[in-house]
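Q: Here is the input, now give the coordinates:
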Amino acid sequence: MFDWQILTQIQWTTLLLGGVLIFLVIGTWVLFDYRVDPLRGTMDEPDATAFVRGKCGDAMKISLRFSDERVTEARYWTDGCRMSSACGAAAAELALNKSPEELADIDHKAIEERVGTLPEEDLHCATLASGAIQEALRIYLTQMNVVTSSGAEMQARDLPLQKKTS
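A: Alright, predicted model coming up:
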């Protein structure tokens, strides 16, 4: 039989204050995380969005908006680890103000250099991020008639895109 008198011995105010404290810490962390990383998230009406999933199970989404043949806005989202997030942020940052030709040069090595030293077990995060950038570029080029500065029409097959995502 349950002893109901034990409920009168619990310090309810301490328990309530502990719950409020935990809520505030988690809420502050979430708010801080999204305020510190302005490239994280999604955008309305992007020109190209790519969603890729790596062999590790992590997913990454990169969205790009172009204006005057340059990336004017880039956002990323990932459900992966801290390193996936760092690589996604680096990829979005590297994409800003780039032309389609320059986007094609963003590979896993450029992302690794931007992030800094990655542990060997997290190198696939840079590959996942570069794969998302390359897929977004491929989607953009197939949806738009991209014209180079010389006026020649460029198709998706004309750029050396990377196929491997992780």
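
Q: what about Glu102, neighbour count?
A: 14 (other Cβ atoms under 10 Å). The C-beta positions use only the backbone N, C-alpha and C, and glycine is treated the same way.

Q: so who does the most centrally placed residue in the chain touch?
A: What sits nearest the mean C-alpha location of the chain, by Cα atoms, centre = their mean, is Tyr76, with 2.9 Å. With contact set as Cβ atoms under 8 Å, 6 or more residues apart in numbering, Tyr76 has these partners: 39-40, 60-63, 88-89, 91-92, 129, 132.

Q: helix/strand/coil for it?
A: Following DSSP: H, G, I helix; E, B strand; the rest coil, we place Tyr76 in the strand state.

Q: Beta-bridge partners for it, please?
A: Applying DSSP bridges to Tyr76 gives these bridge partners: Arg40, Ile62.

Q: Which single one of the contacts of Tyr76 is nearest to Ile22?
A: Arg40 (23.8 Å; Cβ to Cβ).

Q: burial measure for the closest one, as a count.
A: The burial count for Arg40: 17, using other Cβ under 10 Å.

Q: isn't it right next to Ala90, touching?
A: No. If you go by Cβ atoms under 8 Å, Arg40 and Ala90 don't touch, sitting 11.9 Å apart.

Q: sorry, back to before: okay, the residue nearest to the centre of the chain: pLDDT?
A: Per-residue confidence (pLDDT) for Tyr76: 94.

Q: one step back: and the contacts of Tyr76, which are buried?
A: Burial by neighbour count, judged by 16 or more other Cβ atoms under 10 Å, picks out 39-40, 60-63, 88-89, 91-92, 129, 132 from the contacts of Tyr76.
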